[in-house]
Structures are given as structure tokens and as C-alpha cells.
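1. no sequence for this one, just the structure:
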């Protein structure tokens, strides 16, 4: 019996309804924008091998199928029994398990730190730094309360009027459930700068705002209030990579979007994200994605079949998709 078949026998009525709704809301492979900003649907009809992705801070709830993420030595599964939370923008690798009969179906909700801050103020959360340093990504068992809220969100998104009137409040409820759950501490830490995680989170947001401009590690460390050595160590502890490698990866993912979605050529995309040399950009692009920028654009537009390493699992919260 396949892994997917072995898990499908334990489908609850709520999960079955989620699958039914997502099959309609996400009719095509890839991601589909919902009626709400920051909420997207995800669908994959075939299994996709391990490939690089870049996720924004988000919550991902999978109704069917399975995704497995890899960050350095960490591995995490998010499926119908586990949801994923990323509190910071993070590049990692991901593989997807799906079949034509049982496609991977999921919903992603962008984490709005402004909304999280408002919830914390309402809760009058005055706790100090958490006891242990949080990780940037967690997969956690999906409890009934959160599952019910996600189902209500999907039901509302099936109706334009319900989506506009009821949807925002349900999204806020989901953020509240996650914030007060076992993964809430790391989201709270991303808002504060008292501990190392919060300071690195601030640096990551700076990189994603100014990736196209000149960025140097000493400036990032100074802005984070850390010595250069501590900044390097803590940055790698959160992201499993060095600061400049993170900057490079962020630029490459954004350039990929500019070429595929905006139609920019290789030279223009390279310049837009901060590269002075198009040839260097092409070399580093192929090193990350396993295919040249030109061939990648052809593949993403359906002009040719993708090589195994270059196929990217569609995801509603990725920066590069």
C-alpha cells in the first residue's frame, strides 16, 4: 500500500470537506489566488522531487497529500495531520507527494506581523524573552479547533460575499489560534528584538526589503545590535546559511519571478535584483536551480519538459514558485 493510500483511510468528515472545497477552489496545478490578499490555494497532481524554494512568513495547512521540507539537518513533514509555520522568510528545499487521484491540496496564509502585534496587544502579552531560542520553521499536529477554523475559512472563500465579510475575521482567528498554540512563541520572537532570533528576523526583513541594493554584513550586524561574529553564528543558526548566501538566494528567487511573471530578459532581471554581471547571475542561477535562466523560463511557461532537479513544487506562500 502506498504512503498516501495508508493515510487517506483516516480522513475525517472535516478533512474530506476541505479536500472537496480545495479541489474546486484550486482547479489547476500551481497556486491560485483567493478572494483575500495573502491567502492562496495550492495544488500538485504529481509527486515532485526535492527542489529549492523560498517561503515568506506563512501558515500552510495541507488537506491532502504530503510535503516534506529540509533545512540543513532539519526535516519536517506537513500533511493532513500537521501544519507548517514559518515566522521568517526562509529558503529551504521541499519535496511533494501527490498522485493524479489524490493531488496535494493545501491553503497558505501569509503571516501579517501587524495583525500579530495587534493580537498580542489585545492579549496584553507582556511576557519576556522565551526560555529557549525558537527555530524558524516548525511542523505541528493540527488540532480540531484550528482545523474547524480553516474549514470555515474555505467555506467562506467559496462565496465572494462571504469571503469579503467573514474571511478577514476567520484569518485573524487562525492567526490567533497559531499564536496561542505551541508555535506562537517563535512568531512573537520575530516581532521583538530582545533575543537573537528577533534580531535576525529584523535583518531578514531588511534583506527582503532592500535585496536589490548594496548590502554588507557589517551593516546588517550593526543594525541588529550584534558583533560580526555573533551575527554570523546566529544568522546561520536561524537560516542554516551565511548572510551573503541568503542575500544571493533571495535575489535569485526574485529574479526568477521577474523573468517568468514580468517577462524580463536575463540581463534586465539580473540588474533589477542587484547583479552587475549577467554571466555571474546565470552561473549562480544554474547552481541553485539546476538549469539556466533561459531554460527555466521556457520550462515554467510550458515550452519544454523540466529536468528532475529543476521542477519546483507549487506553493501558495513561496516567493519563487
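-> On my side now, so go ahead. Treat the numbers as computed from the prediction; the structure is a model and nothing was measured. Numbering: from 1, shown residues only.

2. Report the residue spans of this structure with pLDDT below the cut-off.
-> Filtered on pLDDT under 70, the chain yields the residue ranges 1-10, 125-134, 192-194, 301-321.

3. Where do the strands of it begin and end?
-> Assigned by DSSP state E, the chain shows strands spanning 30-33, 39-44, 48-55, 58-64, 66-71, 74-79, 82-86, 90-97, 104-110, 137-141, 318-320.

4. for the first one, packing partners?
-> Which is strand 30-33. Strand 30-33 sits against strand 39-44, with contacts defined as 3 or more CB pairs under 8 Å, 6 or more residues apart in numbering; DSSP states H and E. Using the backbone N, CA and C atoms, a C-beta is placed for each residue, glycine as well.

5. Work out the gap between the strand it packs on and the centre of the chain.
-> On the basis of CA atoms, centre = their mean, to the nearest Å, strand 39-44 is displaced by 12 Å from the centre of the chain it belongs to.

6. Let me see the contact set for the residue lying closest to residue 46 once chain neighbours are set aside.
-> Excluding the flanking residues, the one nearest residue 46 by CB to CB, 6 or more residues apart in numbering is residue 98, at 5.9 Å. If you count contacts by CB atoms under 8 Å, 6 or more residues apart in numbering, residue 98 has them with 4, 44, 45, 46, 47, 48, 65, 66, 104.

7. Of all the strands of the chain, which one is nearest residue 210?
-> Closest to residue 210 of these, according to CB to CB: strand 318-320, at 14.8 Å.

8. So what would you say the end-to-end distance of stretch 22-33 is?
-> End-to-end distance for stretch 22-33, by CA to CA, to the nearest Å: 12 Å.

9. ok, residues contacting that stretch?
-> Here stretch 22-33 makes contact (CB under 8 Å, 6+ apart) with 34, 40-45, 63-64, 103, 105-108, 154, 157-158, 314-316, 321.

10. If we go by neighbour counts, what in that stretch is buried?
-> For stretch 22-33, the neighbour count (16 or more other CB atoms under 10 Å) marks 22, 25, 26, 30, 31, 32 as buried.

11. Let's have the residues you listed in a markdown table, adding distance to residue 147.
-> Formatted as a markdown table, the buried residues of stretch 22-33 follow (distance: CB to CB, whole Å):
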| residue | distance to residue 147 |
| --- | --- |
| 22 | 13 |
| 25 | 17 |
| 26 | 18 |
| 30 | 25 |
| 31 | 21 |
| 32 | 21 |
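
12. and which of those is nearest residue 216?
-> Using CB to CB, these come closest to residue 216 at residue 31, 34.1 Å.

13. returning to what we had before: adding distance to residue 269 as columns, could you present the strands of the chain in CSV?
-> Compiled in CSV, the strands of the chain are given as follows (distance: least, CB to CB, whole Å):
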stretch, distance to residue 269
strand 30-33, 20
strand 39-44, 23
strand 48-55, 15
strand 58-64, 24
strand 66-71, 26
strand 74-79, 31
strand 82-86, 25
strand 90-97, 18
strand 104-110, 24
strand 137-141, 28
strand 318-320, 12
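
14. measure the closest residue to residue 97 other than its chain neighbours to residue 98 for me?
-> By the measure of CB to CB, 6+ apart, the closest residue to residue 97 outside its immediate chain neighbours is residue 66, 4.2 Å from it. Using CB to CB, to the nearest Å, residue 66 is found at 8 Å from residue 98.

15. Next, the contact list for the closest residue to residue 152 other than its chain neighbours, please.
-> Of all residues not flanking residue 152 in the chain, residue 170 sits nearest, at 5.5 Å (CB to CB, 6+ apart). Applying CB under 8 Å, 6+ apart to residue 170 gives the contacts 149, 152, 153, 156.

16. Give me the distance between residue 94 and residue 208.
-> Separation of residue 94 from residue 208 (CB to CB): 19 Å.

17. Between those two, which is the more surrounded one?
-> The residue with more neighbours, out of residue 94 and residue 208 and counting by other CB atoms under 10 Å, is residue 94; that gives 23 against 18.
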